[in-house]
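> The amino acid sequence is not available; the structure is as follows:
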DNA sequence: AAAAATAATGAAATGATATAACATAACTAC
DNA sequence: GTAGTTATGTTATATCATTTCATTATTTTT
Ligand SMILES: [Zn+2]
Ligand SMILES: [Zn+2]
Ligand SMILES: [Zn+2]
Ligand SMILES: [Zn+2]
């Protein structure tokens, strides 16, 4: 939980992984004076179940199963809140969402998306020093947000494919 | 047209910019034995009109104005073709499309999106050597495609905002 | 504690983006 | 000119996301 890169594709105690993020999220919300209401917490919990990105309507369906209302805004509002507070990230390439695994830092995340097992690993993007940052600086472009995503096949799935 | 980074945000002869890309596109299609049919050429032409990304339905509307059919597949098929041949790129953050300005190279593009004037500048991403590439290599992740996009404000729009 | 302000949720409708499926037409190769 | 292939016509539907307005819950102010 402390700066492990691409945790999703590493062997790890996922139970601990979830609990840790969940606790951090709760602390963060208290610290910021915002409310981690039941829907919001449930959405985060759903996303923490695995490192697979979930679409808004998948989340919506699971919320419905759990007794929440089932109109689209229910999911989108919770997601908007979680994204705004850096607890969840949107994966543009997938139109889907993953729980952040380092919710404290005001980071610009980068993702590796396995197109076979659909797991998404989060790692930190070096916005300023990368090629993009350099070019931006050179032409006076002021970067506010970055989307850095790689699609490919994770090591585990590569091995599976061979056998 | 020759490796100028972030051309969209530089002063340039846009007429020449368009003609050059269009000619390259035509040559490329001939070389590859594929057909740049009227719809495909028209879509590319529409995208070349400016460095602003256009959504599929905007393109569809303009196609209709130009006398083409107006069902979604008309636009999506042409876009699929152009994207497959590297003549157009999809900007994930915007769900929209821009003409490529270096259509020859099998490059992985990076984009800078001005949230004020909506122009999109293309620059080259260094997939392998960047942080993403390094991390990928470290964990054995095989990258097939990258999405690298930065949203922010271009130099011109920053100046405008001040005055 | 009551009133006012703010934040969150309920509910219906619609907007925006993208694809599936199958029929027809146009090119290409032989 | 027939067969194979590629492209287009057309209808329908799938998928993703927001607008709008009413109601309820929570917090703040008095
Ligand atoms: Zn985990
Ligand atoms: Zn995998
Ligand atoms: Zn230009
Ligand atoms: Zn601008």
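Great, that's in hand. Please read all numbers here as calculations on a predicted model, not as lab measurements. Ligands and ions are numbered 1, 2, ... in the order given.
> got the residues of chain A near ligand 3?
For chain A, no residue is in contact with ligand 3 (CB under 5 Å from the ion). All C-beta spots, glycine's among them, are computed from the backbone N, C-alpha and C.
> For chain A, list the residues in contact with ligand 2, please.
Counting by CB under 5 Å from the ion, chain A sits next to ligand 2 at A:114, A:116, A:117, A:154, A:157.
> excluding its backbone neighbours, what's nearest the fourth one?
In this case it means residue A:154. Spatial nearest neighbour of residue A:154, chain neighbours left out: residue A:114 (4.0 Å); criterion: CB to CB, 6 or more residues apart in numbering or on different chains.
> close to DNA strand C, is stretch A:36-49?
Yes - between stretch A:36-49 and DNA strand C, judged by CB under 7 Å from any atom of the strand, the touching residues are A:37, A:38, A:39, A:40.
> and that stretch, how far out from the chain's middle?
Centre-to-centre, stretch A:36-49 and its host chain are 13 Å apart (CA atoms, centre = their mean, to the nearest Å).
> show me the contacts for the spatially most central residue of chain A.
With distances taken as CA atoms, centre = their mean, residue A:98 lies nearest the centre of chain A, 3.0 Å away. With contact taken as CB atoms under 8 Å, 6 or more residues apart in numbering or on different chains, residue A:98 is in contact with A:47, A:51, A:52, A:53, A:54, A:88, A:89, A:91, A:111, A:120, A:122.
> Is it bridged to anything, and to what?
Beta bridges link residue A:98 to residue A:89 when assigned by DSSP bridges.
> do you know how far it is from residue B:26?
Distance, residue A:98 to residue B:26, by CB to CB, to the nearest Å: 42 Å.
> The closest residue in space to residue A:88 that isn't next to it in sequence in helix, strand or coil?
Distances taken as CB to CB, 6+ apart put residue A:82 closest to residue A:88, at 3.8 Å, once the chain neighbours are dropped. Assigned with DSSP: H, G, I helix; E, B strand; the rest coil, residue A:82 falls in the helix class.
> so residue A:82 touches residue A:44, yeah?
Yes - in this structure, residue A:82 is within contact of residue A:44 by CB atoms under 8 Å, at 6.0 Å.
> Kindly report the residues of chain A close to chain B.
Selection of chain A residues close to chain B by CB under 8 Å from any CB of the partner chain yields A:5-6, A:9-10, A:92-93, A:110, A:112, A:114-115, A:121, A:123-127, A:130-132, A:135-136, A:138-155, A:158.
> So which of those sit within strands?
Those of the residues of chain A next to chain B mapping onto strands are A:110, A:112, A:114, A:121, A:123-124, A:142-153, per DSSP state E.
> now the helices: where do they sit in chain A?
For chain A, applying DSSP state H gives helices covering A:14-32, A:38-48, A:56-65, A:72-84, A:131-139, A:155-162.
> Now render these as TSV, adding mean pLDDT and mean neighbour count.
As requested, the helices of chain A are exported to TSV (pLDDT from 0 to 100; neighbours: other CB atoms under 10 Å in any protein chain shown):
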stretch	mean pLDDT	mean neighbour count
helix A:14-32	95	15
helix A:38-48	98	20
helix A:56-65	98	17
helix A:72-84	98	17
helix A:131-139	88	18
helix A:155-162	87	13
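> a markdown table for those, including distance to residue B:72?
Output for these, formatted as a markdown table (distance: least, CB to CB, whole Å):
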| stretch | distance to residue B:72 |
| --- | --- |
| helix A:14-32 | 40 |
| helix A:38-48 | 31 |
| helix A:56-65 | 20 |
| helix A:72-84 | 22 |
| helix A:131-139 | 32 |
| helix A:155-162 | 33 |
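> and the residue nearest to residue A:58 when sequence neighbours are not counted, how far is that from ligand 3?
Of all residues not flanking residue A:58 in the chain, residue A:96 sits nearest, at 8.0 Å (CB to CB, 6+ apart). Distance of residue A:96 to ligand 3, given as CB to the ion, to the nearest Å: 34 Å.
> For residue A:96, give me its contacts.
A:53, A:54, A:55, A:56, A:58, A:90.
> Which members of those are the farthest-apart pair?
Using CB to CB, the pair of these lying farthest apart is A:58 and A:90, separated by 13.9 Å.
> Tell me the pLDDT of residue A:127.
At residue A:127, the pLDDT value in this model is 67.
> Understood, closing this out.
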